[in-house]
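In: only geometry, no sequence info:
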């Protein structure tokens, strides 16, 4: 089940986010990923460069309330980003990025489709 986060859910004074449907894959504990599962409103760092790229974006992985995503699991989920100049251009279908906690890689994601953009 994908949480439906659309542009219409925002208030009139809020800037429009960039929302994508993405294939999110968490690394297993053995691969160096997280030890525990994640749940609703999880906000890792989103890195569109390599491991040494210091530029991170703010985005929330939209896991349905009451559900968990475990290390080693892959799911199609919506990811909501705060709009930043140039971000929408990075989020075209097929684009891949790193999910990190600090500099530690905990997963990857790939855009399936753009849901809405600022």
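Out: Received, thanks. Nothing here was measured: the structure is a model prediction, and the numbers come from that model. Numbers count the residues shown, from 1 in each chain.

In: after the lowest-mean-pLDDT helix or strand in the chain, next one along is what?
Out: Within the chain, no helix or strand scores below helix 87-90, which has a mean of 86 by mean pLDDT, DSSP states H and E. Heading C-terminal from helix 87-90, the first helix or strand you meet, by DSSP states H and E, is strand 96-101.

In: Show me what that following strand packs onto, helices and strands only.
Out: strand 45-47, strand 104-116 (3 or more Cβ pairs under 8 Å, 6 or more residues apart in numbering; DSSP states H and E). For every residue, glycine as well, the C-beta is placed using N, CA and C.

In: got CSV for the ones you listed, with mean pLDDT, distance to residue 21 and mean neighbour count too?
Out: Below are the helices and strands packed on strand 96-101 laid out as CSV (pLDDT from 0 to 100; distance: least, Cβ to Cβ, whole Å; neighbours: other Cβ atoms under 10 Å):
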stretch, mean pLDDT, distance to residue 21, mean neighbour count
strand 45-47, 96, 15, 20
strand 104-116, 95, 5, 18
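
In: Out of those strands, flag the one nearest residue 69.
Out: For the helices and strands packed on strand 96-101, proximity to residue 69 was assessed by Cβ to Cβ; strand 104-116 is nearest, at 9.2 Å.

In: If you count neighbours, what's buried in the least confident helix or strand of the chain?
Out: Neighbour-count burial for helix 87-90 flags 87, 88, 90 (criterion: 16 or more other Cβ atoms under 10 Å).

In: what's near enough to touch the residue nearest to the last one when sequence neighbours are not counted?
Out: The one in question is residue 90. Leaving aside its sequence neighbours, residue 90 sits nearest to residue 48 (Cβ to Cβ, 6 or more residues apart in numbering; 5.1 Å). With contact set as Cβ atoms under 8 Å, 6 or more residues apart in numbering, residue 48 has these partners: 55, 57, 90, 95, 97, 98.

In: Okay then, goodbye and thanks.
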